[in-house]
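Participant: the following block contains a protein sequence and its predicted model.
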Amino acid sequence: MTARHEVCPAAELEPGDRKLIEVGGISIGVFNVDGEYHALNNVCPHQLADLCAGPITGTTTSDEVGEFDEWVRDGEIIRCPWHGWEFEIASGESLFNPHVRTRTFEAAVEESNDPPSKPSGEASSSDNGETAVSESTANDCEGCQGTDRTAQEEEYGTNLAGDEPPVDTYDVEVEAETVVVYV
Amino acid sequence: MAQAPQTKDDAESSLSVVDCDLHQSYATDDELAAYLPKRYQSRGVVIPELLFRHESSSSRPDSFRGDTSSSEGGYNSAGVYPGSSKDGVINHLDENDIDYAFLTHQTDLTINGIPNTDYAFELAKAANEYAMEEWIPEDERFLMSLFVAMEEPEKSAEMIREMGDHPRVKQVLIQSVAGRNPFGQEYYWPVYEAAEEMGLQVGLHVSSTGTGTMNPPTAAGHPTTSVEWGSVVPAAYMGTLASLVAEGVLEKYPDLGFNFIEGGYMWVPHLIWRMDNIWKAARSQVPWLEKRPSEYIYDQVRFTTQPAHFPEDPRRLTKLMEAFDAEKLLMFSSDYPHHDTDDPDHALPPGLSDEAEARIYYKNAQEFYDLPDDPSDLE
């Protein structure tokens, strides 16, 4: 069960931009990567730093030992501000180890005339297509429980170094020129 | 106990002990100089020394050729080097049930510390030819290591291809590891390419590291005593191994293994855990690595046991070894005939499993060097 949460007008999240929001006690980074919208849980699985506050960057590849290819995937990588672990924004996957994945959330912009496509009836919709999600609804969403920072101490972090769980992603849509994230 | 794993439920192998570090030697410098090319024969053997004298310079008296009852006063006090007695060496093999022993040559022959690289190369080649002629035919348990001059990588590669197809040549040997640059760098790759091509492994030997005009064994500078040198010299191994991994040597030469000889092993878990952790953050500096550094090390790198580590309660060492799966990485070495030699019966702490002891005393080396159960099959 996911809950709908409006982030901002689409015009305020240009390609290359990010916004850090809080939904039901979960800190989330919402990104516009070259017109594609993505949302990540703002917790690095390593030592629980604010992952989404880190530099948005690209990375290196190599086809031959000792030789770098061109700088690639510019703007598609988030680097944790503490230890520099790299994650792909779209998937939440760690670059050094795809099984270490940050949680991502659905994020997109929907056309203003389209009715919001809600996955649940929990969010109320106004006549002009704008939507509002009450804080209490968001708080009730499935998955919110256990993903606050205290609970993540048990799930993430150095106690489980080497076997870190994925960090969540969330769906993002644009509805009525508004960026909406489903948590 | 070395004997423990040798018979019971181990019918698939008849081996007992493989000794990865046995220092045979010419008796005198003149004996080696005879193998140098004419242009260097009058110059003889000139090697950089430690910048201090070792306090305990004793070596086993029975290892000296000729009538020498004591090694008091230095390696060469009787005019001959330790390890020059073939009887002494062969007794060491017989007494300890050693099935194979890697000849690692006169330990002070600091090939990689010689500024004249042409001379360094010729000296390495002379030592190899001497050992091939004087020692290898003497006992089928002897395995050959080819000294290489790392600052002459192309010439060394050519020598590896010329001498490396003898069935008893099993590795290339890098003597001392404080070279001009870390040995993972591309400049040195011709050596690794040739070794892999000839089906050899690469041994590294720590002794003489940081002597003479070489880089010091650590960035703290040249030590003044053997107390310091012996305690810190594994740091040079750390730098070498980190370089081999990060520069991609293990990725580029996947069939090549590296054996770090005489550096002990408790620095290994530090390096493995730290390197993995730093690599997670700095992966973009080494995008050619396809797996985490520790995976390369467990797959392709081994370490010899000597000099043995012993805390006051040796059983604590057993726990430390289990913490990094030491039985997958270690191979026994005696360092015969030197002052810090390890007897195979006293090289490991108590409490290791029979399988772990078997792996360390012979199984790992048998796999690493692809050794048949019967030495006479190596022809």
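Facilitator: Yep, that arrived. Numbering: from 1, shown residues only, chains lettered A, B, ... in the order given.
Participant: ranges for the strands of chain B?
Facilitator: Along chain B, counting by DSSP state E, strands occupy B:17-22, B:98-103, B:142-147, B:169-175, B:201-205, B:258-261, B:301-304, B:330-331.
Participant: make TSV out of the ones you listed and add distance to B:I47 and mean neighbour count.
Facilitator: For glycine as for every other residue, the C-beta is placed from the backbone atoms N, C-alpha and C. Listed next are the strands of chain B as TSV, based on distance: least, Cβ to Cβ, whole Å; neighbours: other Cβ atoms under 10 Å in any protein chain shown:
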stretch	distance to B:I47	mean neighbour count
strand B:17-22	19	27
strand B:98-103	18	25
strand B:142-147	12	26
strand B:169-175	10	26
strand B:201-205	14	26
strand B:258-261	19	28
strand B:301-304	23	26
strand B:330-331	27	26
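Participant: mind putting the ones you listed into CSV with mean pLDDT?
Facilitator: As requested, these are arranged in CSV below (pLDDT from 0 to 100):
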stretch, mean pLDDT
strand B:17-22, 97
strand B:98-103, 98
strand B:142-147, 98
strand B:169-175, 97
strand B:201-205, 98
strand B:258-261, 98
strand B:301-304, 98
strand B:330-331, 98
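Participant: so which of those strands comes closest to B:E247?
Facilitator: The minimum distance between B:E247 and these falls on strand B:258-261, with 12.7 Å, by Cβ to Cβ.
Participant: helix/strand/coil for the closest residue to A:A49 other than its chain neighbours?
Facilitator: Sequence neighbours aside, A:W82 is the residue nearest to A:A49 in space, at 3.9 Å (criterion: Cβ to Cβ, 6 or more residues apart in numbering or on different chains). Here A:W82 takes the coil state, with states given by DSSP: H, G, I helix; E, B strand; the rest coil.
Participant: near chain A, which residues of chain B show up?
Facilitator: B:186, B:247-249, B:251-252, B:279-285, B:287-288, B:292 (Cβ under 8 Å from any Cβ of the partner chain).
Participant: where exactly do the helices run in the chain?
Facilitator: Let's take chain A. For chain A, the helices defined by DSSP state H cover A:135-140, A:149-155.
Participant: that was the other one, I meant chain B.
Facilitator: Secondary structure of chain B by DSSP H: the helices cover B:29-33, B:38-41, B:86-95, B:117-134, B:153-163, B:189-197, B:226-232, B:234-246, B:249-252, B:267-282, B:293-300, B:314-323, B:354-358, B:364-369.
Participant: pick out the shakiest of those helices, pLDDT-wise.
Facilitator: Lowest mean pLDDT within the helices of chain B: helix B:226-232, at a mean of 89.
Participant: residues of that helix that come out buried?
Facilitator: Of all the residues in helix B:226-232, those buried under the rule 16 or more other Cβ atoms under 10 Å in any protein chain shown are B:226, B:228-230.
Participant: with stretch B:154-168 instead?
Facilitator: Within stretch B:154-168, the residues scored as buried using 16+ other Cβ under 10 Å are B:155-157, B:159-160, B:163-164, B:168.
Participant: which residues are in contact with it?
Facilitator: Stretch B:154-168 is contacted from outside by B:121, B:124-125, B:128, B:132, B:136, B:140, B:142-144, B:146, B:148-150, B:169, B:172, B:190-191, B:193-195, B:197-200, B:378-379, using Cβ atoms under 8 Å, 6 or more residues apart in numbering or on different chains.
Participant: so how many other residues sit close to the nearest residue to B:Y130 once chain neighbours are set aside?
Facilitator: Among residues not flanking B:Y130 along the chain, B:Y35 sits closest, at 4.8 Å (Cβ to Cβ, 6+ apart). By other Cβ atoms under 10 Å in any protein chain shown, the residues close to B:Y35 number 21.
Participant: do B:V191 as well
Facilitator: 24.
Participant: out of everything not next to it in sequence, what's closest to A:G84?
Facilitator: Spatial nearest neighbour of A:G84, chain neighbours left out: B:A281 (3.7 Å); criterion: Cβ to Cβ, 6+ apart.
Participant: list the contacts of the one you found.
Facilitator: Going by Cβ under 8 Å, 6+ apart, B:A281 touches A:83-85.
Participant: reformat these as JSON lines; add neighbour count.
Facilitator: Output for those, formatted as JSON lines (neighbours: other Cβ atoms under 10 Å in any protein chain shown):
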{"residue": "A:H83", "neighbour count": "16"}
{"residue": "A:G84", "neighbour count": "17"}
{"residue": "A:W85", "neighbour count": "26"}
